[in-house]
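Peer 1: I need the structure of the sequence given here:
(one chain, ligands or ions: 1)
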Amino acid sequence: MKLYDYDIAPNPRRARMFLAEKGIDNVDIVQVDLGNKEQLSDNFRAINPSCIVPALALDDGTLITESVAICRYFEELQPSPPLMGRDAKEKALVEMWQRRVELQGMLPAGDTFRNSGKRWTDRALAGPVNYAQIPELVNRGRARVEYFLGVLNEQLGVSEFVATETFTIADITAFILIEFAGWSKIEIPEEYGALQRWFQSTKARPSVKV
Ligand SMILES: N[C@@H](CCC(=O)N[C@@H](CS)C(=O)NCC(=O)O)C(=O)O
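Peer 2: Numbers count the residues shown, from 1 in each chain. Alright, predicted model coming up:
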């Protein structure tokens, strides 16, 4: 089993954090140098035609992409500690927050980051197809992330963790979102005490170091 990774990229880090929280350390990690566009090389396209990481190659030849699908695979292999909910209600809440954080946080943060700067000219979206930047998405993405940080702050005012009363994949994705948004200088406002408290305590978890 091999996990294709790039250590500074946000999405593969979600998978690595998940593995670390589970205490799984027997997966071969293979770096794909996104900085040098190795994801677009013929070699990597033959492994993953979607040209993205993370990607998990199983020993039987199956390829699993999408960080949440990779996490789901490990959750089923090793249910403890549960990171995707323990019963019907928790599983639904984890899924709900997971999707909110991705759709209302990660995607707009990506819009802001990738639609500005020369580095991403014609690479505004990850994947095999080149797409031009749309400068209008920079400010819209910023406004959407800023709004969503308020949603998270409100939720963390009434719940210790993002989705349930225990740490889950939704916390991992929200933590990565905030670090990723920081690359575009979108910070947690001082007055968002609940979000600040949760961010600092998540940052202290050993899984953040992987
Ligand atoms: N929805 C995918 C997103 C994967 C993704 O966008 N990965 C980025 C790294 S964070 C990538 O491979 N980028 C390649 C590129 O920019 O060409 C997931 O959750 O795994």
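Peer 1: what stretches of the chain score poorly on pLDDT?
Peer 2: Nowhere does the chain drop to pLDDT under 70.
Peer 1: Quick one: the strands in it, in order.
Peer 2: Counting by DSSP state E, the chain has strands at residues 2-5, 28-31, 55-57, 63-65.
Peer 1: strands paired with the first one, and their directions?
Peer 2: Same thing as strand 2-5. Using DSSP bridges, the strands paired with strand 2-5 are strand 28-31 (parallel), strand 55-57 (antiparallel).
Peer 1: is the last one up against the ligand anywhere?
Peer 2: Spelled out, that is strand 55-57. No - Strand 55-57 is not in contact with the ligand by Cβ under 6 Å from any ligand atom; minimum separation 8.2 Å. In short, each C-beta sits where N, CA and C put it, glycine included.
Peer 1: before we move on, the earlier item: adding mean neighbour count, write the strands of the chain out as CSV.
Peer 2: Converted to CSV, those look like this (neighbours: other Cβ atoms under 10 Å):
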stretch, mean neighbour count
strand 2-5, 20
strand 28-31, 13
strand 55-57, 22
strand 63-65, 17
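Peer 1: Redo those strands as CSV? Include distance to residue 194.
Peer 2: Converted to CSV, the strands of the chain look like this (distance: least, Cβ to Cβ, whole Å):
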stretch, distance to residue 194
strand 2-5, 32
strand 28-31, 34
strand 55-57, 34
strand 63-65, 34
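Peer 1: what's the closest of those strands to residue 188?
Peer 2: Nearest to residue 188 among the strands of the chain is strand 2-5; the distance by Cβ to Cβ comes to 26.9 Å.
Peer 1: chain center to the closest one: distance?
Peer 2: Its chain's average C-alpha position is 15 Å from that of strand 2-5, according to Cα atoms, centre = their mean, to the nearest Å.
Peer 1: before we move on, what about stretch 67-78?
Peer 2: With Cα atoms, centre = their mean, you get 14 Å for stretch 67-78.
Peer 1: Enumerate the positions of that stretch that are buried.
Peer 2: Going by neighbour count (16 or more other Cβ atoms under 10 Å), the buried part of stretch 67-78 is 67, 68, 70, 71, 72, 73, 74, 75.
Peer 1: Wait, the last one touches residue 82, no?
Peer 2: Yes - with contact defined as Cβ atoms under 8 Å, residue 75 and residue 82 form a contacting pair (7.4 Å).
Peer 1: The closest residue to residue 127 other than its chain neighbours: how many residues sit nearby?
Peer 2: Spatial nearest neighbour of residue 127, excluding adjacent residues (Cβ to Cβ, 6 or more residues apart in numbering): residue 51 at 5.8 Å. Using other Cβ atoms under 10 Å, residue 51 has 21 neighbouring residues.
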